[in-house]
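Visitor: Structure for the following, please:
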Amino acid sequence: MMFETNYPNERGAKQIQHANHIRYSLAKRKMDDLFLKWITLPNTDELLKKVLSDLSQRKELSIISPTPFFSAPRLSQPVSNLQKSPQTPPRSPQDYDKGYRRIHENEKSPPLHESPPKLIFEVEQQQIIPAAKPQKSAVQPTSTPSPIQQFYFPGLSKAKADISEVQLKLISEIFGPSDTLSCKDFEQVTTKVCGIPKYLSKLLFAKIETKTTITKATFLQFFRGEFAGKKPKERAFFSLKKKNAAFIDSDDLKPLLKILLETHPGLEFLGGTPEFQERYAETVIIRIFYSADTNDDGKISAREFACSQFFEALCHLEREDDINKVRAFFSYEHFYVIYCKFWELDTDHDFLLSKEDFSRYAGYTLSKRVVDRIFGQIGRKFRSKVEGKMNYEDFAWFLLSEEDKMTNRSIDYWFRVLDLDDNGIVTGFELEYFYQEQRQRLEYLNHELVLFEDVLCQMADMFKPEKELLFRTADLRAERTLAPTFFNVFTNLNKFVAYEQRDPFVLKNEGTEFPDYSDWDKFAQSEYARLALEEEHQENQFELE
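Guide: Alright, predicted model coming up:
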């Protein structure tokens, strides 16, 4: 069992006392937070210095009480000249937030501030006691420091990298005596000279030459200007993006997918189904942007492209004829799973999911509060143009985040869902809000109940947040193998129950059987086997009829 279960009738008055103690601690902590925030404001510091100065000079105090969230008046101005600040709501503190705090009888609570602000008596000492004047040193420097040598010379540019003798020899051999190549023969230049996958050959050819053939001189001029001294990933990025663009968008990948569908042996069977070709290409592009477009702006920069696995996947495609063995982005089985899961929920087949359609995912495993948050577009803003509906891309993003909660993308997605006030911190109050529905559903299904206090203590022990019971994305990323448990407990009933009833020996065997498989790879593999079995069963039934 993941948690030790304590029943209410066994705890009795001790639980009530513990709850009251928690409420008192939370209230005290909130007051301390507000005081610390007030005392560290610049206006407060100015006020205190003025008060201490007036007291030291025995002046009569005339103070207008400042508020920590509005601009404080300067004490040197008369009261009649002061203007009221506009009524604006206060912002939530960034470093602190409301939350549960575990209270141990024999354990001291950690300090609220790592570096506390100066106390009042310290400021007073600074005002009353004059600082000692520094004495001039009797020793004078005997020599002046040597001037810094010039390291920047305007007008001089770095010499451009040129083509090596080995490359020139290889280019001459490929172009041959005629010094011209067709688009089909240009593939050798793409792979051997430029070092990029052959599926980018047509795209690169079109960027260099608009005619049907290319000359050796034209290619050498292009190579010296654009490719000399660059790495293969940089060359691949150049081949994919539009001219003069600094990024790759989804339209840039469509020609690549068209070439792939026409030429890759693992996709030949899709030749007679243009509709599924289009859906496959769309799914691959969605997966690429899900992984590579880190800020989700629809653009893949050169840095994001270099940090992603897209280039490696293209190289793998070139070596592998079985498309399903290229699990990164291009697996047809993975596309099949995403498409079929969407199709099962889309009962009216308008390629849009309503909230009611979506709530049926995996047998209503997601709580209603979680579904409301997802359709409130908290996890990610929908790309659907129909209000209140989720399109295919939105569902694919959800599915990839749901079935593999160890990636940075999915951790951010689910963290936003749980972060009710969107302040970058998930507190005990927010977790309890989601766990209340989970507990009600467990009671309805007559499952053994787990108290929220026990769940929360276990989460704190697993992730050890910097500030107790205030969870941040950094805490979850640091222990990403435990992140699925954290999210499933509060969002997914089936996975929560499955984890409670898990067999550690089965989990160990799964880890050793597929050591390089991600959670998504394992899910897609098992789900594809289930879908294929169901389809085969339906075909057999149809034949019998």
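Visitor: For the stretch 301-450 of the chain, which segments count as strands?
Guide: Along the stretch 301-450 of the chain, counting by DSSP state E, counting those that start in this stretch, strands occupy 426-427.
Visitor: hey, where'd the helices end up in it?
Guide: For the stretch 301-450 of the chain, the helices defined by DSSP state H, counting those that start in this stretch cover 302-307, 310-319, 332-345, 355-359, 368-375, 392-403, 408-418, 428-444.
Visitor: For the ones you listed, give me TSV that also has mean neighbour count.
Guide: Placement of C-beta: from N, CA and C, glycine included. Shown next, in TSV, are these (neighbours: other Cβ atoms under 10 Å):
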stretch	mean neighbour count
helix 302-307	16
helix 310-319	18
helix 332-345	20
helix 355-359	16
helix 368-375	19
helix 392-403	22
helix 408-418	21
helix 428-444	17
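Visitor: Can you say which of those helices is nearest to K207?
Guide: helix 302-307 (15.9 Å; Cβ to Cβ).
Visitor: Please name the nearest non-neighbouring residue to S201.
Guide: Distances taken as Cβ to Cβ, 6 or more residues apart in numbering put T190 closest to S201, at 4.0 Å, once the chain neighbours are dropped.
Visitor: quick check, the one you found in a helix?
Guide: Yes - remark: T190 belongs to a helix, assigned using DSSP: H, G, I helix; E, B strand; the rest coil.
Visitor: Kindly provide the distance from it to I174.
Guide: Separation of T190 from I174 (Cβ to Cβ, to the nearest Å): 10 Å.
Visitor: Which one's more surrounded, the two?
Guide: More neighbours surround T190 than the other of T190 and I174, with 22 against 17 (other Cβ atoms under 10 Å).
Visitor: any chance of the helices of the stretch 301-450 of the chain in CSV, plus distance to F205?
Guide: Below are the helices of the stretch 301-450 of the chain laid out as CSV (distance: least, Cβ to Cβ, whole Å):
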stretch, distance to F205
helix 302-307, 20
helix 310-319, 16
helix 332-345, 27
helix 355-359, 44
helix 368-375, 44
helix 392-403, 31
helix 408-418, 34
helix 428-444, 54
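Visitor: so which of the ones you listed comes closest to L260?
Guide: The nearest among the helices of the stretch 301-450 of the chain, by Cβ to Cβ, is helix 310-319 at 7.2 Å.
Visitor: which helices and strands does the closest one pack with?
Guide: Helix 310-319 sits against helix 232-240, helix 274-292, with contacts defined as 3 or more Cβ pairs under 8 Å, 6 or more residues apart in numbering; DSSP states H and E.
Visitor: most packed of these?
Guide: Of all the helices and strands packed on helix 310-319, helix 232-240 carries the top mean neighbour count, a mean of 21, counting by mean count of other Cβ atoms under 10 Å.
Visitor: Spatially central residue in this structure, please.
Guide: R409 (3.3 Å; Cα atoms, centre = their mean).
Visitor: hang on, the earlier thing: out of the helices of the stretch 301-450 of the chain, which gets nearest to L531?
Guide: helix 332-345 (5.3 Å).
Visitor: Give me the residues contacting that closest one.
Guide: When contacts are defined by Cβ atoms under 8 Å, 6 or more residues apart in numbering, helix 332-345 is touched by residues 266-267, 270, 279-280, 283-284, 287, 323-324, 327, 349, 353, 357-358, 360-361, 392, 395-396, 399, 520, 523-525, 527-528, 531.
Visitor: OK, contacts around E275?
Guide: By Cβ under 8 Å, 6+ apart, E275 lies in contact with nothing.
Visitor: from here on, count from 508
Guide: Done: numbering now begins at 508, and the last item shifts to E782.
Visitor: so how far is A788 from it?
Guide: Taken as Cβ to Cβ, the span from E782 to A788 is 11 Å.
Visitor: How about F842?
Guide: The spacing between F842 and A788, counted by Cβ to Cβ, is 9 Å.
Visitor: again with S689
Guide: Using Cβ to Cβ, we find S689 at a distance of 26 Å from A788.
Visitor: that older thread, go ahead and confirm the residue nearest to S708 touches L710.
Guide: No - using Cβ atoms under 8 Å, T697 makes no contact with L710, being 9.2 Å away.
Visitor: Check E517 and give its pLDDT.
Guide: Listed pLDDT for E517 reads 49.
Visitor: Looking at the helices and strands packed on helix 817-826, which is nearest to F922?
Guide: Closest approach to F922 among those is made by helix 781-799 (16.4 Å; Cβ to Cβ).
Visitor: hey, C-alpha coordinates of the closest one in PDB?
Guide: The C-alpha trace of helix 781-799 is given here as PDB (Å, rounded to 0.1, in the frame of the first residue of the first chain):
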ATOM      1  CA  PRO A 781      -5.300  10.100 -48.900                       C
ATOM      2  CA  GLU A 782      -7.500  11.000 -45.900                       C
ATOM      3  CA  PHE A 783      -5.400   9.000 -43.500                       C
ATOM      4  CA  GLN A 784      -2.200  10.300 -45.100                       C
ATOM      5  CA  GLU A 785      -3.400  13.800 -44.200                       C
ATOM      6  CA  ARG A 786      -4.200  12.700 -40.600                       C
ATOM      7  CA  TYR A 787      -0.900  10.900 -40.200                       C
ATOM      8  CA  ALA A 788       1.000  14.000 -41.400                       C
ATOM      9  CA  GLU A 789      -1.000  16.200 -39.100                       C
ATOM     10  CA  THR A 790      -0.300  13.900 -36.100                       C
ATOM     11  CA  VAL A 791       3.400  13.800 -36.800                       C
ATOM     12  CA  ILE A 792       3.600  17.600 -37.000                       C
ATOM     13  CA  ILE A 793       1.600  17.900 -33.700                       C
ATOM     14  CA  ARG A 794       4.000  15.500 -32.000                       C
ATOM     15  CA  ILE A 795       7.100  17.400 -33.300                       C
ATOM     16  CA  PHE A 796       5.800  20.800 -32.000                       C
ATOM     17  CA  TYR A 797       4.700  19.200 -28.700                       C
ATOM     18  CA  SER A 798       8.300  18.100 -28.100                       C
ATOM     19  CA  ALA A 799      10.400  20.800 -29.800                       C
END
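Visitor: what's the angle from that helix to helix 817-826?
Guide: Relative orientation of helix 781-799 versus helix 817-826 (axes from the mean of the first three to the mean of the last three Cα atoms, to 10 degrees): 140 degrees.
Visitor: Now find how far off-centre helix 781-799 is within its chain.
Guide: 20 Å (Cα atoms, centre = their mean, to the nearest Å).
Visitor: Give the rounded mean pLDDT of that helix.
Guide: For helix 781-799, the mean confidence score works out to 97.
Visitor: check contacts around the closest residue to A985 other than its chain neighbours.
Guide: In this structure, A985 finds its nearest non-sequential neighbour in F970, 7.5 Å apart by Cβ to Cβ, 6+ apart. The neighbours of F970, taking Cβ under 8 Å, 6+ apart as the test, are F978, D982, L983, A985, E986, L989, F993.
Visitor: ok, so what distance separates the closest residue to the third one other than its chain neighbours from E785?
Guide: For L983, ignoring the flanking residues on the chain, the nearest one in space by Cβ to Cβ, 6+ apart is A990 at 4.6 Å. Computed as Cβ to Cβ, the A990 to E785 distance reads 34 Å.
Visitor: and if you look at D855?
Guide: Taking Cβ to Cβ, one finds D855 at 20 Å from E785.
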